[in-house]
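>>> build me a structure from this.
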Amino acid sequence: MCGNPTKSLFFRIVLVGQVMHRLKLDWKGNEGSIAETAGTFRIMFLATIVYVSIDQFLKFLPFFAMLSGSYNDDEEYATLAFVRGIIGIAYFIITTVLVAKTRAHIRGKFSIPEKDCRGTGMEDCICALFCPCCTLAQMARHTADYENYASKCCSETGLGPNAPSIV
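Numbers count the residues shown, from 1 in each chain. All right, here's what the predicted structure looks like:
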């Protein structure tokens with residue numbers, strides 16, 4: 001079993017994809033029809049795999065180039081580190097925006113008022129930016145009954161096939 005704390009810490013986009021799938025949101029965080037939202041989890045899962053693969057490839061590319069003897073330039077290493085950093089920042093921004101949009105959707109759907117940033121509309125952004133793990137775990141618990149149904153790592157909803165939708 002892969003619990004929500006683990007997913008919220010290491011696989012943020014996968015967990016937000018599961019919550020978005022439960023809420024019938026598309027991969028951009030917008031409401032849609034069942035057909036439009038059917039692939040949300042798969043897109044998020046694939047995005048995570050692509051990001052991790054590219055990141056690891058760029059991370060170890062200089063090592064393999066040194067082994068082959070074709071790599072000896074600090075400028076090439078700096079360029080790879082820069083590209084890796086840009087990709088990491090883009091992944092972080094995308095994750096933050098999706099978490100904030102999903103949290104705002106949940107608050108609107110369940111009429112949950114802002115607690116700490118009353119009237120500013122910034123609470124969702126602040127929570128997504130400064131504590132995405134806690135925010136994701138909270139959203140997952142709010143949209144599923146984990147007391148009666150076990151969490152599943154790679155299912156579209158994060159739950160087993162017989163778990164009802166509480167959203």
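
>>> only C-alpha atoms from now on, for both contacts and neighbour counts.
Will do.

>>> does K101 touch D124 like I think?
Yes - proximity of K101 to D124 meets the contact threshold set by CA atoms under 8 Å, at 7.4 Å.

>>> from the contact counts, what lies against the longest helix anywhere in the chain?
The residue-count maximum for a helix in the chain (DSSP state H) belongs to helix 74-109. Secondary-structure packing of helix 74-109 (3 or more CA pairs under 8 Å, 6 or more residues apart in numbering; DSSP states H and E): helix 12-22, helix 40-68, helix 123-130, helix 132-142.

>>> run the angle between that helix and helix 40-68 for me.
Orientation note: helix 74-109 sits at an angle of 170 degrees relative to helix 40-68 (axes from the mean of the first three to the mean of the last three CA atoms, to 10 degrees).

>>> which parts of helix 74-109 are buried?
Of all the residues in helix 74-109, those buried under the rule 16 or more other CA atoms under 10 Å are 77, 80, 84, 88, 95-106.

>>> same thing with stretch 134-154?
Quick answer for stretch 134-154 (16+ other CA under 10 Å): 134-137, 139-140, 143-146, 150-154.

>>> what's the span of that stretch, first residue to last?
Taking CA to CA, to the nearest Å, the first and last residues of stretch 134-154 lie 20 Å apart.

>>> any idea of the mean pLDDT for it?
For stretch 134-154, the mean pLDDT works out to 86.

>>> distance from that stretch to the middle of the chain?
14 Å (CA atoms, centre = their mean, to the nearest Å).

>>> and for stretch 89-107?
With CA atoms, centre = their mean, you get 8 Å for stretch 89-107.

>>> and if you look at stretch 121-140?
What separates the centre of stretch 121-140 from the centre of its chain is 12 Å, taken as CA atoms, centre = their mean.

>>> other residues contacting it?
Defining contact as CA atoms under 8 Å, 6 or more residues apart in numbering, one finds that stretch 121-140 is touched by 4-5, 8-9, 12, 15-16, 19, 96-97, 99-101, 103-104, 106, 114-117.

>>> for K59, what are its contacts?
Contact analysis of K59 by CA under 8 Å, 6+ apart lists L80, A81, R84.

>>> quick one, what contacts the last one?
R84 sits next to D55, L58, K59 when contact means CA under 8 Å, 6+ apart.

>>> please apply the same query to the first one.
Applying CA under 8 Å, 6+ apart, we find L80 in contact with L58, K59.

>>> quick revisit: so which of the helices and strands packed on helix 74-109 gets nearest K28?
helix 40-68 (8.6 Å; CA to CA).

>>> what angle separates the closest one from helix 12-22?
With the same axes, to 10 degrees as the basis, helix 40-68 and helix 12-22 are set at 160 degrees to each other.
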